[in-house]
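In: pasting the structure only:
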């Protein structure tokens with residue numbers, strides 16, 4: 001099945017929009033195929049403002065109505081205790097709110113940006129999608145991440161090469177309680193690194209130390225700005241260990 005065939009069968013869709021290339025390309029495809037599209041962004045403490053900006057920009061350019069839905073993940077004890085099933089509870093809460101809003105708006109089907117390259121067996125959050133009958137057209141149509149990026153580039157989508165993003169909760173060691181203070185420190189540090197031109201990195205907060213994981217490209221940038229970055233990181237963390245080329 002192709003996306004054109006999928007959207008010829010499903011003309012009234014709600015899309016769970018994340019701000020990443022997958023869901024944005026899915027939204028673009030739905031509009032291009034003539035579907036009646038609405039988009040939904042679940043705003044939580046685990047996402048930086050840049051994700052909402054990218055989602056808002058993309059929806060605006062395509063003329064798609066976007067509803068931003070507030071979901072305070074830090075009020076859910078199953079999420080903040082940060083166990084192995086944290087992602088499931090978080091995704092379930094988000095999809096419950098998105099599903100409710102989409103059905104309220106008359107959407108016949110809810111779609112997300114899961115693609116054929118995603119290993120759903122390793123992501124407990126995907127279990128929640130089935131509980132709310134969320135459909136993944138990119139996965140159904142066999143589109144891989146590489147194919148999506150290439151297609152998005154051809155379509156002129158600005159975020160076509162945006163690195164895959166995982167929420168801020170993944171920066172905190174599993175089993176360590178998630179707090180607003182921890183999330184804020186990581187978010188502010190990552191925002192400063194983004195402002196310096198870094199793109200594919202992670203700041204991971206451990207029990208005794210913080211790790212800065214860099215890609216090869218960002219490793220060179222770090223070496224050129226080592227003192228400046230070291231001073232900046234000290235504002236947020238006591239001990240920082242740099243892991244060069246830890247990310248592809």
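Out: Alright, I've got the coordinates. Remember, it's a predicted structure, so these values are computed and weren't measured experimentally. Numbers count the residues shown, from 1 in each chain.

In: tell me where this structure has strands.
Out: 12-16, 36-43, 66-70, 109-111, 201-205, 210-215, 240-247 (DSSP state E).

In: ok, which stretches of the chain are helices?
Out: Secondary structure of the chain (DSSP state H): helices at 3-9, 21-32, 49-62, 77-80, 86-104, 126-131, 137-140, 145-154, 180-195, 216-224, 226-233.

In: how about the third one: buried residues?
Out: It stands for helix 49-62. 51-52, 54-56, 58-59, 62 (16 or more other Cβ atoms under 10 Å). Backbone N, C-alpha and C define where each C-beta goes, glycine included.

In: same deal with the first one?
Out: By neighbour count, with 16+ other Cβ under 10 Å as the criterion, the buried positions of helix 3-9 are 3, 6-7.

In: okay, now the unreliable bits of this structure?
Out: The chain contains residues with pLDDT under 70 at 122.

In: next, the contact list for residue 228, please.
Out: residue 196 (Cβ atoms under 8 Å, 6 or more residues apart in numbering).

In: could you give the number of residues near residue 118?
Out: Neighbour count of residue 118, defined by other Cβ atoms under 10 Å: 18.

In: residue contacts, it?
Out: 126, 139.

In: run the last query once more with 7 Å
Out: For residue 118, the contact set (Cβ atoms under 7 Å, 6 or more residues apart in numbering) comprises residue 139.

In: for residue 134, see how far away it is.
Out: 13 Å (Cβ to Cβ, to the nearest Å).

In: make CSV from the strands of the chain and add mean neighbour count and distance to residue 29 to it.
Out: Converted to CSV, the strands of the chain look like this (neighbours: other Cβ atoms under 10 Å; distance: least, Cβ to Cβ, whole Å):
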stretch, mean neighbour count, distance to residue 29
strand 12-16, 25, 10
strand 36-43, 22, 10
strand 66-70, 15, 17
strand 109-111, 23, 10
strand 201-205, 20, 30
strand 210-215, 20, 29
strand 240-247, 15, 29
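
In: got CSV for the ones you listed, with distance to residue 148 too?
Out: Shown next, in CSV, are those (distance: least, Cβ to Cβ, whole Å):
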stretch, distance to residue 148
strand 12-16, 14
strand 36-43, 17
strand 66-70, 20
strand 109-111, 14
strand 201-205, 22
strand 210-215, 20
strand 240-247, 20
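
In: of all those, which lies closest to residue 192?
Out: Across the strands of the chain, the minimum distance to residue 192, taken as Cβ to Cβ, is reached by strand 201-205, at 9.8 Å.

In: so what does the closest one touch, helix or strand wise?
Out: In this structure, strand 201-205 makes packing contacts with helix 180-195, strand 210-215, judged by 3 or more Cβ pairs under 7 Å, 6 or more residues apart in numbering; DSSP states H and E.

In: report all helices and strands that the last one contacts.
Out: Same thing as strand 210-215. Using 3+ Cβ pairs under 7 Å, 6+ apart, strand 210-215 sits against strand 201-205, strand 240-247.

In: ok and it relative to strand 240-247, angle-wise?
Out: Orientation note: strand 210-215 sits at an angle of 30 degrees relative to strand 240-247 (axes from the mean of the first three to the mean of the last three Cα atoms, to 10 degrees).

In: name the residues that touch strand 210-215?
Out: By Cβ under 7 Å, 6+ apart, strand 210-215 touches 200-204, 222, 237, 239-248.

In: cutoff 6 Å now
Out: 200-204, 222, 237, 240-244, 246-247 (Cβ atoms under 6 Å, 6 or more residues apart in numbering).

In: and the buried residues of helix 3-9, which is closest to residue 21?
Out: residue 3 (14.6 Å).

In: and residue 218, how far is that from residue 248?
Out: For residue 218 relative to residue 248 (Cβ to Cβ), the value is 12 Å.

In: next one: residue 66
Out: 32 Å.

In: ok, now which ones touch residue 126?
Out: With Cβ under 6 Å, 6+ apart, residue 126 has these contacts: residue 120.
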